[in-house]
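K.L.:
Could you look at this predicted model? Sequence included:
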Amino acid sequence: MTFAVDAVSNRGATRFSDIIYEKIVGMIADGNFPVNERLPPETKLAADFGASRPVVREALERLRADGLVVSRKGSGSYVRQRPDSSMLKMVPVGSLADVQRFFEFRAGLEAEAAELAARNWQPVDKERITAALLSIEQCLRNGQLGAEEDQALHDAIAMATGNQFHITLREWFKPHFAIGHSVTRSLSLKRTPEQIRSVQDEHAVIVEAIFAHRETEAHDAMKRHILNARARMFQGV
């Protein structure tokens, strides 16, 4: 079987590996590559996708980093978990790898924002953050998505930093933030009540640390939250 993949010339091999990465994610989600089964060898994947082995290897490395496949020495790469196929429908075609990279970017950026917020928040910030947290809670009770409310909480924390560049960055990258919040919130509605509650519990831990001026704790809690959100994208069936 051969899969047609068009490389984007102005981004070269890295972009090509992103496309292959997304194709393999889709095939895992669709069950073409079942959980606990071995993926075809690099040479076979390279031939199927019309790519070089280094490009395929780069795609496999990202799949391993995302926890979708695992390498077994001397045996090859095996499917570790199957994501929900609906996740791919929520992400613009060809952009899944960039969405994941943006989560990596957010982990550092928003952890620093939480730390600064813990140091610098003012009474108006406390009111804004508390209101946003309560809005998410209300969405949970009503079975609503709450993506905008989730984003509003993170925006409020950025404003509490007292540093306009954190606010400006969120404006510049607003569409990217919106995709991340929308995908993770949409997928969360398919989880168990305990899993849904765990996300809000993460928010509560962050907010508590901020209001208590525990800067390091706020930093670490936010970083865990963002990386957990990234991992939750690939939790599925």
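P.N.:
Received the coordinates, thanks.

K.L.:
Now do the buried residues in stretch 75-87.
P.N.:
In terms of neighbour count (16 or more other C-beta atoms under 10 Å), stretch 75-87 has its buried residues at 77-84, 87. For glycine as for every other residue, the C-beta is placed from the backbone atoms N, C-alpha and C.

K.L.:
burial count for D30?
P.N.:
Here the number of neighbours of D30 (other C-beta atoms under 10 Å) works out to 11.

K.L.:
Look up phi and psi at the closest residue to it other than its chain neighbours.
P.N.:
In space, D30 comes closest to S85 once its chain neighbours are excluded; the distance is 6.0 Å by C-beta to C-beta, 6 or more residues apart in numbering. Note on S85: backbone dihedrals following degrees, to the nearest 10 are phi -60, psi -20.

K.L.:
Also R57?
P.N.:
Dihedral angles phi and psi of R57 (degrees, to the nearest 10) take the values phi -60, psi -40.

K.L.:
My guess is it contacts L45. True?
P.N.:
No. Checked against C-beta atoms under 8 Å, the pair R57 and L45 is beyond contact range at 9.4 Å.

K.L.:
Looking at these two, which has the bigger crowd around it?
P.N.:
Each of R57 and L45 had its neighbours counted (other C-beta under 10 Å), and the higher figure belongs to L45 (22 against 14).

K.L.:
helix, strand or coil for that one?
P.N.:
Of the three states, L45 takes helix according to DSSP: H, G, I helix; E, B strand; the rest coil.

K.L.:
quick one: the closest residue to it other than its chain neighbours and H219, what's the gap?
P.N.:
Closest residue to L45 apart from its sequence neighbours, by C-beta to C-beta, 6+ apart: V56 at 4.8 Å. Distance from V56 to H219, counting by C-beta to C-beta, to the nearest Å: 37 Å.

K.L.:
Okay, and the beta partners of the nearest residue to R72 once chain neighbours are set aside?
P.N.:
Excluding its sequence neighbours, the residue lying closest to R72 (C-beta to C-beta, 6+ apart) is Y78, at 6.1 Å. Each beta-bridge partner of Y78 is listed here, defined by DSSP bridges: R38, V70.

K.L.:
Spit out the contact partners of the residue lying closest to A107 once chain neighbours are set aside.
P.N.:
Distances taken as C-beta to C-beta, 6+ apart put I226 closest to A107, at 4.3 Å, once the chain neighbours are dropped. For I226, the residues meeting the contact criterion (C-beta atoms under 8 Å, 6 or more residues apart in numbering) are 103, 106-107, 110-111.

K.L.:
and the chain, what are its domains?
P.N.:
Partitioning the chain according to the TED database yields domains covering residues 16-79, 96-235.

K.L.:
Tabulate these (JSON lines), appending mean pLDDT.
P.N.:
Compiled in JSON lines, these are given as follows (pLDDT from 0 to 100):
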{"stretch": "domain 16-79", "mean pLDDT": "91"}
{"stretch": "domain 96-235", "mean pLDDT": "91"}
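
K.L.:
which SSE is the residue most central in space within the chain in?
P.N.:
In the chain, the C-alpha closest to the average C-alpha coordinate belongs to R230, at a distance of 2.7 Å (C-alpha atoms, centre = their mean). Secondary structure from DSSP states H and E places R230 in helix 215-232.

K.L.:
can you pull the buried residues of that helix?
P.N.:
Within helix 215-232, the residues scored as buried using 16+ other C-beta under 10 Å are 215, 217-223, 225-226, 228-230, 232.
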